[in-house]
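A.B. asks: Predicted model follows, preceded by the sequence.
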Amino acid sequence: MILFRSPDEVPDDFGPTVVAIGKFDGVHAGHRAVLQKMLVDAAGLGARSAVVTFDRHPLALLNPAKLPPALVAPHQKAALLASTGIDATLMLEFNEKLASEEPEDFVRRVLVDSLHARSVLIGEDFRFGRDGAGTPALLRELGERYGFTVDELPDVRSAPSGRRVSSTWIRELLAGGDVATAAQLLGRPPAVWGEVVHGAKRGRELGYPTANLEAATQGLVPRDGVYAGWLIDGVAASQPGTRVRYPAAISVGDNPTFDDVHRRQVEAYVLDETDLDLYGHVVEVQFVARLRGMSAFAGIEALKDQMADDVERSREILLTAPSASDAQRRG
C-alpha cells in the first residue's frame, strides 16, 4: 500500500480510483465491510482502491472536550489499512484549513483533481466540509457534476442486539476489560504499541521478568487487570526482519501491592523466557482474555503464587489451541 500525506503527493496518473472516506478508527468489522466493497468495485471498474482518512479525530480540533480516546495511532491505522490489500491511503492532516474548507472545494481538490474518483463509498453518518455542511445528498449532487457515483453503505450491526458496530462500542468494551468481545468487533485482538523501557525490575526479582512499555503507548489500553495475550517484536519500520510473536501474561495498572509505582503501566511477561532482551524495541501487545482485576496482595509470596496461576491460565488460553503451535509464533 502507498501512503500519501497530502493530495499533492498523489501522482497525476494514479487514478482512476474507487474511494472510501472516513475516520476508520480501529479499522473494525464495519470499516472492513466498506473496504471489501471498495476492493470489489475497484476490480469491476479496473480502478485503484484508495482510502481518504485523517491523522486525528476531527474533534481534536473542533471540540477537544468531547474527543474520545483513539483506538489506534495514525501509524497503526495505516498498517491495518495496508493489511486489507488496498492500493493507497491518503491520510490528511486535520487542521484549521481543512476544517474550514467548503464541501465542493474538498471534493474537487481531493476526490477529483487528486484521486480521479469514479466511485465514492461512505457510511450512513458521513459528513464533510466546513461545519459538516457536506451531506451524502450533497456528495451525490457533486458526483453528478464531476463524474463519480456515491454509494452510501448501511451500518454493520450485531445480529443478537442489532447494535451498530462502532468505535464507540469498542471503547466501552475496553473500558470494561471485555477484550474478547472487542476482538470480535475488531476482527483481531485489541492492541497497544510502545517502546520497551527499563522499569523497577521487580518482575525479574520475582522470577517473572517483564517487558515494560513506555508511558506514551499508542492505542487504547483496556481496563486495569491481568490479561493473557501476545507480545509481538519487530513491528517498527526501524526493526526490519522477521516479526516474532510470543505468548504473554500482561499486567495493566499501577501494581497496588507496592507503593512506588506512580503511573498506570503495561508490562508483559513472555512465557518461559527469562533472558529475552527487548529494551529499545517497539513492540505490539495484544490482549486476548482478561484473567482478573488488579489487586493488592498481603505479601510477596501471595503475589508470586497468583502470578504463577496467571501464567498457567495464560498458557492454557494461548497454547492449547492448534493455532498456537510454535510454527505459527512467527508472522
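C.D. replies: Yep, it's here. Only a predicted model underlies this, so the values are computations on that prediction, with no experimental measurement involved.
A.B. asks: which residues touch Ala99?
C.D. replies: By C-beta atoms under 8 Å, 6 or more residues apart in numbering, the contact set of Ala99 is 58, 61-62, 130. Every residue, glycine included, has its C-beta placed from N, CA and C.
A.B. asks: what's the most distant pair in these?
C.D. replies: Leu61 and Arg130 (12.6 Å; C-beta to C-beta).
A.B. asks: before we move on, the earlier item: report the buried members of the contacts of Ala99.
C.D. replies: Neighbour counting with 16 or more other C-beta atoms under 10 Å marks Pro58 as buried within these.
A.B. asks: Which one of the contacts of Ala99 is nearest to Phe287?
C.D. replies: Pro58 (27.5 Å).
A.B. asks: Helix or strand next in line after the helix or strand bottoming out on mean pLDDT in the chain, which one?
C.D. replies: Each helix and strand of the chain was given a mean pLDDT (mean pLDDT, DSSP states H and E); the minimum falls on helix 202-205 at a mean of 61. Following helix 202-205 in sequence order, the next helix or strand is strand 211-213 (DSSP states H and E).
A.B. asks: partners of that next one, with directions?
C.D. replies: The pairing partners recorded for strand 211-213 under DSSP bridges are strand 191-197 (antiparallel), strand 265-270 (antiparallel).
A.B. asks: most tightly surrounded among the ones you listed?
C.D. replies: strand 265-270 (a mean of 23; mean count of other C-beta atoms under 10 Å).
A.B. asks: Give the rounded mean pLDDT of it.
C.D. replies: In this model, strand 265-270 has a mean pLDDT of 94.
A.B. asks: Give me the packing partners of the following helix or strand past that strand, helices and strands only.
C.D. replies: As assigned by DSSP H and E, the chain's next helix or strand after strand 265-270 is strand 282-292. Here strand 282-292 touches helix 179-186, strand 191-197, strand 211-213, strand 225-233, strand 244-253, strand 265-270, helix 300-319, going by 3 or more C-beta pairs under 8 Å, 6 or more residues apart in numbering; DSSP states H and E.
A.B. asks: go again using 6 Å as the cut-off
C.D. replies: helix 179-186, strand 191-197, strand 225-233, helix 300-319 (3 or more C-beta pairs under 6 Å, 6 or more residues apart in numbering; DSSP states H and E).
A.B. asks: helix, strand or coil for the residue nearest to Met38 when sequence neighbours are not counted?
C.D. replies: Distance criterion C-beta to C-beta, 6 or more residues apart in numbering; nearest residue to Met38, sequence neighbours excluded, is Ala20 at 4.7 Å. Using DSSP: H, G, I helix; E, B strand; the rest coil, the structure places Ala20 in strand.
A.B. asks: Enumerate every residue touching Ala20.
C.D. replies: Ala20 sits next to 34, 38, 51, 121 when contact means C-beta atoms under 6 Å, 6 or more residues apart in numbering.
A.B. asks: wait, Gln218 sits on His75?
C.D. replies: No. Using C-beta atoms under 6 Å as the test, Gln218 is too far from His75 to be in contact (7.5 Å).
A.B. asks: A helix includes Val40, no?
C.D. replies: Yes. Under the criterion used here (three-state DSSP), Val40 sits inside a helix.
A.B. asks: Neighbours of it, how many?
C.D. replies: 12 (other C-beta atoms under 10 Å).
A.B. asks: which residue packs closest to Arg118, ignoring adjacent ones?
C.D. replies: Using C-beta to C-beta, 6+ apart, the closest residue to Arg118 is Pro16 (4.7 Å).
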